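In: just to be clear, the model below is a prediction. Sequence and coordinates:
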Amino acid sequence: MPELDAKPAVAPVTQAWRKTEVARNPQRPHPVNFVDALFTDVSEVFGDRCFGDDPAILAAMARFDGDAVLVLCNRKGRTTRERMQFRFGSPEPEGYRKSLRAMKLAEKFGRPVFSFLDLAGAYPGLGAEERGQGEAIARNLIEMSQLRIPTLTTITGEGGSGGALALAVADRVLMLENAIYSVISPEGCASIMWKDASKRQQAAEALKYTAPNVAALGCVDDVIAEPADGAQADPVAAFDLIRESLRRHYLELKALPLDVLLEKRYQKFRGMAEACTVTSSR
């Protein structure tokens, strides 16, 4: 007969879930911290020229290694007031339209685009849907894929669904070692697949959204190492590692003729994550 005080077995924490917890660590540097550390002469662009300004998105002209560039990122906020203001980092359609307006300005003046994302998804509120959230995301996907300038994206924490992809159709997509990048959150996946959000660890393993898995699928171009225990343990070292990686990829893109750059971008996304069937003869 089992003892009355026996505790139920606790499932071990999976590797994917450990990465998820690091990616979501509240002390982890936010995208705006990377912008502050890596860029100079930052001058913010406001408004979408359609409805208003979305403070959850930072769009700014800046300099990287002396070159004039455009930088984009989502703001998450540290205090309760900031988190409410920025909706925990989830943009509304005005944020995506502001980003697109800024990217078209950058294209006009030949400025490369750098984006940094820790974005679980676009804001799902009723007002956002009424003002065309889906159309704004779709428009960004189309336009960003055709920009006639080099584009680089870095996933710094959580990259989720079309909300993140709308700012990540880039020539080079980089991902921090402990970041995650997926079509859906593990909680959302578990709720759909098993009608039970508590099975999030099982979903995390199935989604294959950690950096090595995403790189193996060809959805990111480089995985950037982090200091031991994550970027939050040593932000300065993390900034240096990202700067080195960005500089290398940026110089490679700058050296490409425009027609080659565009063709490589097209082929990259055209063939992304293709399923390959291997037939063995017996």
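Out: The structure has been received and is ready for your questions.
In: hey, let's count contacts and neighbours off CA atoms from now on
Out: Will do.
In: just the buried positions in stretch 43-60, please.
Out: If you call a residue buried by 16 or more other C-alpha atoms under 10 Å, then stretch 43-60 has these buried ones: 45-48, 53-60.
In: would you put the C-alpha positions of it in PDB?
Out: The C-alpha coordinates for stretch 43-60 follow below in PDB (Å, rounded to 0.1, in the frame of the first residue of the first chain):
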ATOM      1  CA  SER A  43      17.600  59.500 -34.000                       C
ATOM      2  CA  GLU A  44      14.100  58.100 -33.600                       C
ATOM      3  CA  VAL A  45      11.400  58.100 -36.300                       C
ATOM      4  CA  PHE A  46       7.800  58.500 -35.100                       C
ATOM      5  CA  GLY A  47       4.400  57.700 -36.600                       C
ATOM      6  CA  ASP A  48       3.000  55.600 -39.400                       C
ATOM      7  CA  ARG A  49       1.500  58.500 -41.200                       C
ATOM      8  CA  CYS A  50      -1.800  56.600 -41.100                       C
ATOM      9  CA  PHE A  51      -3.200  56.400 -37.600                       C
ATOM     10  CA  GLY A  52      -0.500  57.100 -35.000                       C
ATOM     11  CA  ASP A  53       2.700  56.100 -33.300                       C
ATOM     12  CA  ASP A  54       3.300  52.700 -31.600                       C
ATOM     13  CA  PRO A  55       5.800  53.100 -28.800                       C
ATOM     14  CA  ALA A  56       6.300  49.400 -28.700                       C
ATOM     15  CA  ILE A  57       8.500  49.700 -31.800                       C
ATOM     16  CA  LEU A  58      11.700  51.800 -32.000                       C
ATOM     17  CA  ALA A  59      12.600  52.900 -35.500                       C
ATOM     18  CA  ALA A  60      15.700  55.100 -35.700                       C
END
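In: end-to-end on stretch 176-192?
Out: 28 Å (C-alpha to C-alpha, to the nearest Å).
In: show me what it is in contact with.
Out: Stretch 176-192 is contacted from outside by 19-20, 22-23, 120, 154-162, 196-204, 207, 209-211, 214, 223-226, 230, using C-alpha atoms under 8 Å, 6 or more residues apart in numbering.
In: nearest spatial neighbour of residue 110, skipping sequence neighbours?
Out: Nearest residue to residue 110 in three dimensions, chain neighbours excluded: residue 149, at 6.3 Å (C-alpha to C-alpha, 6 or more residues apart in numbering).
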